[in-house]
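[1] sequence first, then the predicted structure:
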Amino acid sequence: MDHHLPSEAPPSESPDRSTGPGNNAWPALDWESLRWENKVTSGPRHLTDAPFLPYKAALPPRIAGIQYRPAGEVIAAAEDAALAIRDFDHEFGSDVAPFSAILLRTESVSSSQLENVTANARSIGMAELGDDSKVNATLVVDNVAAMNAALAAADSLEIASVLDMHRALMRHADPGGAGQWRREPVWIGTSSASPIGADFVAPDAGRVPALMDDLMGYASRNNIQILTQAAIAHAQFETIHPFTDGNGRTGRALLHAMLRNKGLTRTVTVPVSAGLLNDVTGYHDALTAYREGNPDRIILLTAEATFRAIDNGRQLAQDIAAARGRWTNSITARRDAAAWKIAELLTRQPVVNAKLLEDRLGLAPATIWRQMQVLEESGAVKGFDKFKRGRHWRSDEILAALDGFAARSDTRSRN
């Protein structure tokens, strides 16, 4: 959990501890002593009398120019995972265009789950239609917007792109801080009162702009194995923790922007976060190891997560294809009827209303009601009325496929 409150004492000039060309070591982060304004009013005198309390904040190395070669088995795993991503992208990107949208959605769901923001597929579907009654579902939909912003900006990895991702992600949760670097300390730990004794205190806020410039310099290089580069950039981003909230989700969106920028993916989004959900403890341990000077663990974990995500994604594709196959046999409509266009839309938007169908497919209201009756009679959808929001329809088969993907991803629910 991140906490943030104002601090005293601006940072001194940040040293450049980047590794020179040809040096195979990865520098561990350093620490700097800062002071926290003491607001303790009860307890031992040594705590209540001190106007400031000291704490240590992270001082990450500059990485833009680092030359680093991982261990041989890590290189091999990253290359194998990259090939698997390319194959997956080719297989599903050329076959099922709607599947790219559903994969992006599943990645956003999984990335949110890593931050304990959970919602079922039906709630998310309603939030996509503007129903804001379920807070977590709205946050997941905002994560989808952040992912779309990340992929839209993939042609140019720039600071403005990262801010756009965060702005899309936090537009409802923190409109005042959305798209803005933090201006106060953040830390990970159990206390919300101060960073004293926290598990990890991110760099002083005054260092964030320069550290992010350096990170994007590293991300823009073209002489590093792609998956290795994306994993390291993600770990450095999480170490900098440039925002007051939403760092994990924005950092994983940046990872996907890098995969698209480097050409590893062209059409689909491999739900890497779903793979990371299988080993959340390992994910956090790998980030700690990175900060201690060992990037190999986060690279290897990202590769392993990729394989798990691809297996899960293939199962999701099979479940959706099975649903579409059943619809082919059950929908009694001419092949040129609008019912088939609606059915295709349902594979990536499993909850719909008349307005969505009119906006997306250009259908007249009378046509919508007639075609939805056909789909209801076939069992492809169920109609339901939402208070003050009118008639809605949902595909329980697609919703079940999406919830099944989420359940397979998150081993925490089974432990």
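    Received, thanks. Numbering: from 1, shown residues only.
[2] longest helix in the chain, please.
    helix 296-330 (DSSP state H).
[3] can you pull the buried residues of that helix?
    296-306, 308-310, 312-313, 316-317, 319-320, 323-324, 327 (16 or more other C-beta atoms under 10 Å). C-beta here means a position set from N, CA and C on the backbone, and glycine is covered the same way.
[4] same question for stretch 250-262.
    Buried, per 16+ other C-beta under 10 Å, within stretch 250-262: 250-262.
[5] out of the residues you listed, which one sits closest to Pro203?
    Gly251 (14.6 Å; C-beta to C-beta).
[6] surely Ala145 and Leu169 touch.
    Yes. Under the criterion of C-beta atoms under 8 Å, Ala145 makes contact with Leu169 at 7.0 Å.
[7] give me the helices and strands touching the longest helix of the chain, please.
    Here helix 296-330 touches helix 72-93, helix 97-113, helix 226-240, helix 272-277, helix 280-291, helix 396-409, going by 3 or more C-beta pairs under 8 Å, 6 or more residues apart in numbering; DSSP states H and E.
[8] which secondary structure elements does the fourth one contact?
    Using 3+ C-beta pairs under 8 Å, 6+ apart, the elements in contact with helix 272-277 are helix 97-113, helix 247-261, helix 296-330, helix 396-409.
[9] now tabulate those in a markdown table and tack on distance to Arg183 and mean pLDDT.
    Converted to a markdown table, the helices and strands packed on helix 272-277 look like this (distance: least, C-beta to C-beta, whole Å; pLDDT from 0 to 100):
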| stretch | distance to Arg183 | mean pLDDT |
| --- | --- | --- |
| helix 97-113 | 25 | 80 |
| helix 247-261 | 15 | 91 |
| helix 296-330 | 28 | 94 |
| helix 396-409 | 35 | 93 |
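[10] mind putting the ones you listed in JSON lines, distance to Gly72 included?
    Below are the helices and strands packed on helix 272-277 laid out as JSON lines (distance: least, C-beta to C-beta, whole Å):
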{"stretch": "helix 97-113", "distance to Gly72": "30"}
{"stretch": "helix 247-261", "distance to Gly72": "23"}
{"stretch": "helix 296-330", "distance to Gly72": "10"}
{"stretch": "helix 396-409", "distance to Gly72": "30"}
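[11] got the contact list for Leu83?
    Contacts for Leu83 (C-beta atoms under 8 Å, 6 or more residues apart in numbering) come out as none.
[12] follow-up on the earlier one: mind checking the helices and strands packed on helix 272-277 for the one nearest to Ala178?
    Among the helices and strands packed on helix 272-277, if distance is taken as C-beta to C-beta, the winner is helix 247-261, at 10.5 Å.
[13] and that closest one, how far out from the chain's middle?
    Counting by C-alpha atoms, centre = their mean, to the nearest Å, helix 247-261 is centred 7 Å from the centre of its parent chain.
[14] any regions of the stretch 101-250 of the chain where pLDDT drops low?
    Counting by pLDDT under 70, the ranges of the stretch 101-250 of the chain that qualify are 190.
[15] just the strands in it please.
    Assigned by DSSP state E, counting those that start in this stretch, the stretch 101-250 of the chain shows strands spanning 187-188, 200-201.
[16] most tightly surrounded among these?
    Most buried of the strands of the stretch 101-250 of the chain by mean neighbour count (mean count of other C-beta atoms under 10 Å) is strand 200-201; its value is a mean of 23.
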